[in-house]
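Asker: coords please:
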Amino acid sequence: MKNVSTIKKFQFFEIEKEGEGSIESNTYIPYSENISPYQMYAINGIVFLSAKIKKKVENSYKNENLILKIIKNQIVDEYFIYNKMIHYFQLKLFNNKYYFVLCGGDFKEQNVGNDKMFIFLTSIKIFEATRLLDKNHKSTERKIDSFLLKQINLLRNIENGTLYQGKDIPLKTVESIQNIISFAISNDFSHCAVGLDRGQIILIQGAPNLIDVHDKNVRMRYLTQIDTELHITNLAFTKLNFMKEEMNILYATTTKEIYFYKIYDKKEEVYELNNDSGAYSGCIAVEDEKLVVASSGETYISEYINLERGPSWFFDGKKQFTGYFKNYLTFVIYEDKIAILAVFDRINKFFAYYNNSFSKITSLCNDDESIYACIENEKGTKKIIKLNEKDNKEKFETFYNKHFFDTAYEYAKNLNYDKKKISEISRRHAYHLYNKKKDYAKAIEQYILTINYLDPSYVIQLFLDVPVLDYLIQYLEALRKDEQFKSRDPDEMKDYTALLLNCYIKQKKFKKLKEFVDEKNITDQQLNVETAIEVCKDTNQIDLALSIADKSNMVDYRIQIMIELQSKNFILNCN
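Answerer: Predicted structure coming up:
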């Protein structure tokens, strides 16, 4: 298990500035002290934030629940969807169009006999939101009713608890469902679900989808109740393949357990996915066949792949707002009254961003390119910050500056970098080992990895000194064995081979020299033959000296060696 403090941390994201000045004074979007944010979504740089707004009316204040449209540092529009509360808000893409999907409550005026009464009505509303993404679009009097495509009222029979469908609301027999804890809608808009207390979940279905289905064909039913006294804290839909058949799956969590439902047209099957730990609200996310869960046990985040337990990452502290972004996990850690905004690279297993300067983070989201967070600092200032990812060049410079070369290798490999780019990491690594660490053995290993990409003369100049000549031999041997390098200029290869042979002579590596002489004609290798023979003679490598003379066609040298050998034998015999 790794503690957060032992995990490498990098700042591969930076807070976007508005104009000149410090990040602190020019953070992306400041927002009012009177705004209490809930869910937040972003698309193409536009932020949509559901929030409770405290507004002054004459000599008092009133609260309104609105969707705020924010561009750059300004609230450019407001949408008044429900007059009482917004339980949940989502921005979804379906069939190349964007939709607002909301679950909330209204006070409605209704005639009861001769009297007029206000009743509370919970409903799901779906709006076509593509037009709202136009940066120049402005609503009239905060109304977007003209974009409303579907409203599904959430009602039940007072006497027997059965779900009620219909536009009319008979007060004596029907009440609105109010204890809504969680909410989800499937990506194909065929299913929607609301989570209640004590393990209850309501499923809403519509074919072909909940937008186009006729009102009378919308179906609602209670799913098999989970045996618990706890709330349903999270819901999430996905599709998985079972036996080559695509199946609708609904994940459901309490704070103690994780479940999943196989959803059929008229029935469902519920299974326990994990009975050791559940999740707090906002602490799960789905991406295709993957589910990520920040454990309510406050020690780890786990991933499930096709309903099987996958990798886990261990982080101390209570987590919130867990989500996927590219190859990252985004989440918030609360630790000692500090809110930490974390972006974790789940492939390379390090923090790509880690900021513990906040006292509170109330919402987190992302679009395709950036991450957004509603934050509050220790001074009580509330802001929405936007994090932009740095380019790879900056990331690798960070690795180099911190001397994290092994991390750089892994990162490049996971980016599928080609050999030329990876050789640059080896060059930087070798330079550090040679110049800073004086570790010549490891440096030459890295320089060998640059063969075909770094000029060999650069490496040779570094290792020409006798104390490190053995490392030069190691490099030159690798150079000769490299098939790609050997196919280059033959004269160039001939020069490096000659240097290698002369290094063998200087270092008295006669075994290696003999192996080379035995298999090749050395007349074309620019070997300093005279020096080689003299060194062999001086060290009593007579056979090798004779072999070099033969291979070099130096008859005079061979005769001289034989005469000297006979002379020595004669003297020994006389003694």
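
Asker: Which residue ranges of the chain form helices?
Answerer: Under the criterion DSSP state H, the chain contains helices at 392-401, 405-414, 419-432, 440-448, 456-462, 469-481, 483-486, 490-506, 510-519, 529-538, 542-551, 555-574.

Asker: quick one: contacts for the nearest residue to residue 371 once chain neighbours are set aside?
Answerer: Leaving aside its chain neighbours, residue 371 sits nearest to residue 387 (4.2 Å; criterion: CB to CB, 6 or more residues apart in numbering). For the C-beta atoms, the positions are set from N, CA and C on the backbone; glycine is no exception. Residue 387 makes contact with 13, 14, 15, 16, 343, 353, 370, 371, 372, 373, according to CB atoms under 8 Å, 6 or more residues apart in numbering.

Asker: Distance check, residue 387 against residue 13.
Answerer: Separation of residue 387 from residue 13 (CB to CB, to the nearest Å) stands at 4 Å.

Asker: Need the overlap of contacts for those two.
Answerer: Joint contacts of residue 387 and residue 13 (CB under 8 Å, 6+ apart) are 343, 353, 371.

Asker: For the first one, give the beta-bridge partners.
Answerer: This points to residue 343. Going by DSSP bridges, residue 343 is paired in beta bridges with residue 330, residue 353.

Asker: before we move on, back to that, among the contacts of residue 387, which are in strands?
Answerer: For these, the ones inside strands are 13, 14, 15, 343, 353, 370, 371, 372, 373, with DSSP state E as the criterion.

Asker: okay, those residues in CSV with neighbour count and distance to residue 216 next?
Answerer: Compiled in CSV, those are given as follows (neighbours: other CB atoms under 10 Å; distance: CB to CB, whole Å):
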residue, neighbour count, distance to residue 216
13, 20, 49
14, 14, 53
15, 19, 51
343, 23, 47
353, 22, 50
370, 19, 43
371, 23, 43
372, 24, 40
373, 25, 43
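
Asker: contacting residues around stretch 449-463?
Answerer: 419-420, 422-424, 426-427, 430, 434, 440, 444, 447, 469, 471-472, 475-476, 478-479, 482, 484-485, 496, 499.

Asker: Buried residues, it. List them.
Answerer: Within stretch 449-463, the residues that qualify as buried by neighbour count (16 or more other CB atoms under 10 Å) are 449, 450, 451, 454, 456, 459, 460, 462, 463.

Asker: Check stretch 480-495 too.
Answerer: Result for stretch 480-495 [16+ other CB under 10 Å]: buried residues 485, 493.

Asker: so what are the domain limits for this structure?
Answerer: Domain assignment for the chain by automatic domain parsing gives 1-30+315-390, 36-177, 179-286, 399-574.

Asker: Nearest approach to residue 305 belongs to which of those?
Answerer: The closest of the domains of the chain to residue 305 is domain 179-286. By CB to CB, the value is 9.8 Å.

Asker: Could you give the average pLDDT over that closest one?
Answerer: The pLDDT scores in domain 179-286 average 95.

Asker: How about stretch 316-323?
Answerer: Mean per-residue pLDDT for stretch 316-323: 93.

Asker: got it, and stretch 442-452?
Answerer: The average pLDDT within stretch 442-452 is 96.

Asker: Tell me how far it lies from the chain's centre.
Answerer: In terms of CA atoms, centre = their mean, to the nearest Å, the centre of stretch 442-452 is found 31 Å from the chain centre.

Asker: Use 363 as the first number from now on
Answerer: Sure, I'll start counting at 363 from here, so that last one is stretch 804-814.

Asker: Do you know the pLDDT at residue 930?
Answerer: At residue 930, the model reports a pLDDT of 62.

Asker: Apologies, that question was intended for residue 881.
Answerer: We have a pLDDT of 67 for residue 881.

Asker: residue closest to the middle of this protein?
Answerer: The chain has residue 690 as the residue nearest its centroid, 1.6 Å off, counting by CA atoms, centre = their mean.

Asker: what sits against it?
Answerer: So residue 690 contacts 705, 706, 707, 708, 714 (CB under 8 Å, 6+ apart).

Asker: try residue 631
Answerer: By CB under 8 Å, 6+ apart, the residues touching residue 631 are 586, 623, 624.

Asker: Please list only the buried members of those residues.
Answerer: The neighbour count (16+ other CB under 10 Å) marks 623, 624 as buried among these.

Asker: hmm, back to that, mind giving me a markdown table with the buried residues of stretch 811-825 and columns for distance to residue 416?
Answerer: Formatted as a markdown table, the buried residues of stretch 811-825 follow (distance: CB to CB, whole Å):
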| residue | distance to residue 416 |
| --- | --- |
| 811 | 62 |
| 812 | 63 |
| 813 | 68 |
| 816 | 64 |
| 818 | 72 |
| 821 | 69 |
| 822 | 74 |
| 824 | 69 |
| 825 | 72 |
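
Asker: Could you point out which of the residues you listed is nearest to residue 595?
Answerer: Using CB to CB, the buried residues of stretch 811-825 come closest to residue 595 at residue 811, 50.4 Å.

Asker: how near is that closest one to residue 855?
Answerer: 19 Å.

Asker: ok, back up a step: of the contacts of residue 749, which pair is most distant in space?
Answerer: 378 and 705 (14.7 Å).
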